[in-house]
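1. Here is a sequence with its predicted model. Questions after.
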Amino acid sequence: MVAARRPIQPLTTACVSCGCSGSAGPNTEASVKPCGQGREIKDFKCSILADGSSAFPVEGNGRYVLYVAAGCPFAARPWLVAEMTGLTDKEVPLVKAFPGNSVDGWFFVPGNEEEERNVKGMRGQVAWHEKEPIKGYKRVREIYDESCKTLNVKYTGAVTLPVLFDTKRGVIVSNDSMDISWCLAVEMASLHGSAWKSKGWDLFPEEWDEKHSELIHQIHDKVNRAVYVCHFEPQQDAYERLLSAFWDQIKGLDVSLSSKKFLMQGTKGTGGSTLGVQPVFADLMLYATCIRFDVAYAHRFRVGTNLMRDFDNIWAFTCRMYSLPGVKEASDIRGIMATYYLSFPLRTKAALTVPPVPCAFEKALMGGVSKKTSLLSGGVLGGSFAMLFAMVVAAFAMGVAAAPFLMSR
């Protein structure tokens, strides 16, 4: 049964949205409302199931809505799946929050002075749904509140994105990026667009479940989350160890990609088959970090010892992914930059940044660099990165406050 295949991670032992035990247990319509009974929950984890055993059956035409934000690499996972498979054409509407949260969380309509300033500065530069099209929500928090009211539960977790919302029942199906991605890629495969189906690709190829699962966990822990862990580490020695470990991972992946176009290409499956030239879900996860790194993480997160563009194979992979149908639509570069420079304060009480080596600044001081060579020309802050520099200045000018943004879904 399709629902029994879960190569990503164990789910919660009890699903609050429909009362099932895990994701493949019995889901009864009668259990939807009373299952919470006032108890506290810290996340929403349930599934749309293709076999019909869930309170959330496979259904298109806008029953389920995917809420995302441009900057978040975790929200990018299901966003990429939905765009690539053609679900966003008509089956699963996509709604984007403003690419920059505040102390009050993600929003569609600004609700305080800080948000008003950010929106005023970015209107016309970035895209989001300022008029939330489903129920007129003003903040993402309202989606969580409605779900809690329907289920009679108290939510104690963070208000994060992505969110997969069931408009018929008025509840969140899941706020876990991997679970949502699985639902969209596997359970809702019958609703995929013809262009995707014609490729014959499978983001979760069954014969490679075990190896794919290992790779998914590797990318999640040692790449996707690692940049955040580095950024928030205050101890210098620990910060340098973490940063070194991160770049070791990138170097290893760069070597791996020297002989193939996608991460699992050429891998043997349990049935003896060899996976062809096609992306899998782990490729989407790696891409989500790569596309954000040079324009945001390197500078904002103090991890710019290198850039992704310094690694020929990683960069070729990033460009290759970007060229796939649907990927560009889920890669809002300006929205990514806006998110990190309008949501995040620069880390205080942090370790000293490890600069790129060799250090061009010292050479310039000693006359080793021509006077005609600007330290800001080309390189990280030059050319197409002028907007990034402007956002840094704007962030300081506006006194951007800290925001609860460390997402790990």
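-> All right, it came through fine. Residues are numbered from 1 along each chain as shown.
2. Listing request: residues of the stretch 201-350 of the chain with sub-threshold pLDDT.
-> Applying pLDDT under 70 to the stretch 201-350 of the chain flags residues 344-350.
3. would you list every one of the helices in it?
-> 209-219, 226-231, 236-256, 281-292, 298-300, 312-322, 333-343 (DSSP state H, counting those that start in this stretch).
4. Would you mind giving these as TSV with mean neighbour count and distance to residue 76 added?
-> Every C-beta, even on glycine, is put in place using the N, C-alpha and C of the backbone. Shown next, in TSV, are the helices of the stretch 201-350 of the chain (neighbours: other C-beta atoms under 10 Å; distance: least, C-beta to C-beta, whole Å):
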stretch	mean neighbour count	distance to residue 76
helix 209-219	18	13
helix 226-231	21	14
helix 236-256	16	18
helix 281-292	25	4
helix 298-300	23	17
helix 312-322	18	11
helix 333-343	24	9
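5. Which of the ones you listed sits closest to residue 271?
-> helix 209-219 (11.4 Å; C-beta to C-beta).
6. What about residue 354, how many residues nearby?
-> 17 (other C-beta atoms under 10 Å).
7. whoops, residue 173 was the one
-> The number of residues near residue 173, taken as other C-beta under 10 Å, comes to 28.
8. can I assume it is in contact with residue 44?
-> Yes: using C-beta atoms under 8 Å, residue 173 is in contact with residue 44, at 7.1 Å.
9. returning to that earlier point: dump the helices of the stretch 201-350 of the chain to a markdown table, plus distance to residue 197.
-> Below are the helices of the stretch 201-350 of the chain laid out as a markdown table (distance: least, C-beta to C-beta, whole Å):
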| stretch | distance to residue 197 |
| --- | --- |
| helix 209-219 | 21 |
| helix 226-231 | 35 |
| helix 236-256 | 29 |
| helix 281-292 | 17 |
| helix 298-300 | 38 |
| helix 312-322 | 20 |
| helix 333-343 | 29 |
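10. out of the ones you listed, nearest to residue 88?
-> Taking the helices of the stretch 201-350 of the chain one by one with C-beta to C-beta, helix 281-292 is closest: 14.9 Å.
11. Distance from the closest one to the middle of the chain?
-> 8 Å (C-alpha atoms, centre = their mean, to the nearest Å).
12. pull the CA atoms of stretch 173-191 into PDB?
-> Presented in PDB, the C-alpha positions along stretch 173-191 are these (Å, rounded to 0.1, in the frame of the first residue of the first chain):
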ATOM      1  CA  VAL A 173      -3.500  18.800   7.600                       C
ATOM      2  CA  SER A 174       0.200  19.200   8.300                       C
ATOM      3  CA  ASN A 175       2.800  21.900   9.000                       C
ATOM      4  CA  ASP A 176       5.700  19.500   8.500                       C
ATOM      5  CA  SER A 177       7.600  20.100   5.200                       C
ATOM      6  CA  MET A 178       8.600  16.500   4.600                       C
ATOM      7  CA  ASP A 179       5.100  15.100   5.300                       C
ATOM      8  CA  ILE A 180       3.500  17.700   3.000                       C
ATOM      9  CA  SER A 181       6.000  17.000   0.300                       C
ATOM     10  CA  TRP A 182       5.300  13.300   0.500                       C
ATOM     11  CA  CYS A 183       1.500  13.900   0.200                       C
ATOM     12  CA  LEU A 184       2.000  16.100  -2.800                       C
ATOM     13  CA  ALA A 185       4.500  13.900  -4.600                       C
ATOM     14  CA  VAL A 186       3.100  10.400  -3.800                       C
ATOM     15  CA  GLU A 187      -0.400  10.400  -2.400                       C
ATOM     16  CA  MET A 188      -1.700  13.000  -4.900                       C
ATOM     17  CA  ALA A 189       0.200  11.600  -7.900                       C
ATOM     18  CA  SER A 190      -3.100  11.000  -9.800                       C
ATOM     19  CA  LEU A 191      -3.600  14.800  -9.900                       C
END
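13. Could you name the specific helix or strand carrying residue 150?
-> helix 140-151 (DSSP states H and E).
14. Against which helices or strands is that helix packed?
-> Here helix 140-151 touches strand 154-155, strand 163-166, strand 171-174, going by 3 or more C-beta pairs under 8 Å, 6 or more residues apart in numbering; DSSP states H and E.
15. 7 Å - rerun?
-> strand 154-155, strand 171-174 (3 or more C-beta pairs under 7 Å, 6 or more residues apart in numbering; DSSP states H and E).
16. Which residues outside the longest one are in contact with it?
-> The set of residues that contact strand 171-174 without belonging to it, under C-beta atoms under 7 Å, 6 or more residues apart in numbering, is 17, 44-46, 48, 56, 64, 143-144, 147, 150-151, 163-166, 180.
17. burial of the residue lying closest to residue 195 once chain neighbours are set aside, as a residue count?
-> Counting by C-beta to C-beta, 6 or more residues apart in numbering, residue 86 is the residue found nearest to residue 195 once chain neighbours are left out, at 6.0 Å. As a burial measure, residue 86 scores 19 neighbours (other C-beta under 10 Å).
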